[in-house]
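>>> all I have is the shape, not the residue letters:
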């Protein structure tokens, strides 16, 4: 019972785990909300720079992640100003006219802007382009809050870098640092960062500072090649040099890293992977996500006056694994909860698709195994119920056999004690009558008396035969083998089939109930021989070997196909089933060996 309970619990747990896993996999494929349930909000995302610039792409992804589930994807419009390539004020005015034509008749519920050029564009042109639409900005290094007060519906997220935290980090990882090289561009954003840098460096009077701003990149490369090991580069933003060359962020960082042997730190996460060691960084995704959450609050009816105008997401310490190895920086020196990127691929990352496939197969197999365990559990329970029913039927069969045997014994005794004695007395009386009737003139009476005596004799013989069929008195008095011999002789006289009984006296070895069962099996077997076998000879063998009594009834008849007696309704099949049940009732075994044309042998074995 304990094993069955354990199997049941295991199967239920496996099934629960399998189905929860499958449900989780299915839910990942279902959209977070049905499109028709979303309010029909229309949102514009206006980016300062071009598609493919990681800082811009990350902010976009963060905004869309925040809006997902609340604003339909097809109701989000995205524009890229490509401000790095705009050198004249007329370019902005032309862009304003282009947007005015493009979005004529379309009313935006909110506008998200990324970085300073797009914010300035919305301050100057937004009220005419999208009147009344609230604006949420992100990626802004510095903004004059008093400047925003003249515009009613602007709020957003500052990306002001934490220069002090980065200098503290540099001194922690490179305690021998004496010189900080600051590389930055001469733009409005660059100037804001320059001011933040100067303010922070006042806290570190022991450090010397070297500036590279508004210079030719060739001069930067020549200078950083000569830097000594007590120097560290702090890289801000550099997209355009003094002579007007425009650089992709990946290109400029890669060139800086190749031309110097000192570590480079930056406050922006999009520079990672191209030669930056790391830093206390602002993440573009977090910036965009925070701005997107503010837009959602406005769309859901939040009062504009109750919302903070500027949100400052916390810094995240992020490092490049390859640069840590390059400058021999141990991970144990990093701040707590630091994030390391570009590390060696784990086994999972290397074989992600294979792992997912194996997991899916595992879940399917787990479900199949769970179902099979439930089926096995049901089958075992059914088998146990069937076994219990069979035991009850066999117990009932044994009880009925005992009652039947007892009834036959009583009837046989009554026939012997009452009917037999009465027939005996009747015969005696008839003989007395014969003796007292005169010899002459009594032929008719003599004839009647003789007929009566013959009938009495025949009836007596039939009663004896019936008594033998019901319960052989020889079985009770002399045992199984003697009873079989006596019954076989009677059987042969009635049927003409020769029967031989072979074997020793086994009476002391077996119980009376077992003797009765074996005797009834022989009776049923001989009845089958007479009805079906067309045999001329039967051999009954009784033997005791290895604490078992072996009984064999073998005939030389026509035999039969053993599968036929199993057919429902087959008379022979029911007879064999009855013999089998009698053997099982005394803890014995029963089998039949037969084939067409080669006779039949019934074999019974019971313990002694």
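On my side now, so go ahead. On a predicted model such as this, the values are computed, not experimentally measured, just so you know.
>>> so where do the strands sit in the stretch 351-500 of the chain?
Along the stretch 351-500 of the chain, counting by DSSP state E, counting those that start in this stretch, strands occupy 498-502.
>>> outline the domain layout of the chain.
Residue ranges for the structural domains of the chain, counted by automatic domain parsing, are given in the record as 2-158+349-366, 163-281+314-342, 474-608.
>>> between those domains, which gets nearest to residue 464?
domain 474-608 (8.9 Å; CB to CB). Every C-beta, even on glycine, is put in place using the N, C-alpha and C of the backbone.
>>> tell me how far the closest one is from the chain's mean position?
Relative to the centre of its chain, domain 474-608 is centred 56 Å away, using CA atoms, centre = their mean, to the nearest Å.
>>> check stretch 316-323 too.
Taking CA atoms, centre = their mean, one finds the center of stretch 316-323 at 38 Å from the center of the full chain.
>>> in it, what counts as buried?
Applying a neighbour-count criterion of 16 or more other CB atoms under 10 Å, the buried positions in stretch 316-323 are 316-320, 323.
>>> of all pairs in the residues you listed, which one is the farthest apart?
Within these, 316 and 323 form the most distant pair, 16.6 Å apart (CB to CB).
>>> now tabulate the buried residues of stretch 316-323 in a markdown table and tack on secondary structure, distance to residue 466 and pLDDT.
As requested, these are arranged in a markdown table below (DSSP: H, G, I helix; E, B strand; the rest coil; distance: CB to CB, whole Å; pLDDT from 0 to 100):
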| residue | secondary structure | distance to residue 466 | pLDDT |
| --- | --- | --- | --- |
| 316 | strand | 106 | 90 |
| 317 | strand | 108 | 95 |
| 318 | strand | 107 | 95 |
| 319 | strand | 108 | 96 |
| 320 | strand | 108 | 95 |
| 323 | helix | 111 | 95 |
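>>> go through those and name the one nearest residue 128.
Distance to residue 128 across those (CB to CB) is lowest for residue 316, with 38.2 Å.
>>> which ones are touching that closest one?
By CB atoms under 8 Å, 6 or more residues apart in numbering, the residues touching residue 316 are 269, 280-281, 283, 286, 339.
>>> swap the cut-off to 6 Å and go again
281, 283 (CB atoms under 6 Å, 6 or more residues apart in numbering).
>>> quick check: the gap between it and residue 58.
Applying CB to CB, to the nearest Å, the value for residue 316 to residue 58 is 12 Å.
>>> now do residue 486
From residue 486 across to residue 58, the span is 107 Å (CB to CB).
>>> between those two, which is the more surrounded one?
When residue 486 and residue 58 are compared on other CB atoms under 10 Å, the one with more neighbours turns out to be residue 58, at 22 against 17.
>>> hang on, the more buried one packs against residue 284?
Yes. Taking contacts as CB atoms under 6 Å, residue 58 lies within contact range of residue 284: 2.9 Å.
>>> which residues touch residue 523?
For residue 523, counting by CB under 6 Å, 6+ apart, there are no contacting residues.
>>> in a helix, it, correct?
Yes. When the secondary structure is assigned by DSSP: H, G, I helix; E, B strand; the rest coil, residue 523 falls within a helix.
>>> what separation do you get for it and residue 408?
Counting by CB to CB, the gap between residue 523 and residue 408 amounts to 11 Å.
>>> next, count neighbours for residue 348.
Neighbours of residue 348 under the rule other CB under 10 Å: 10.
>>> now do it, the pLDDT please.
According to the prediction, residue 348 has pLDDT 79.
>>> ok, it to residue 356 distance?
From residue 348 over to residue 356 (counting by CB to CB), the distance is 10 Å.
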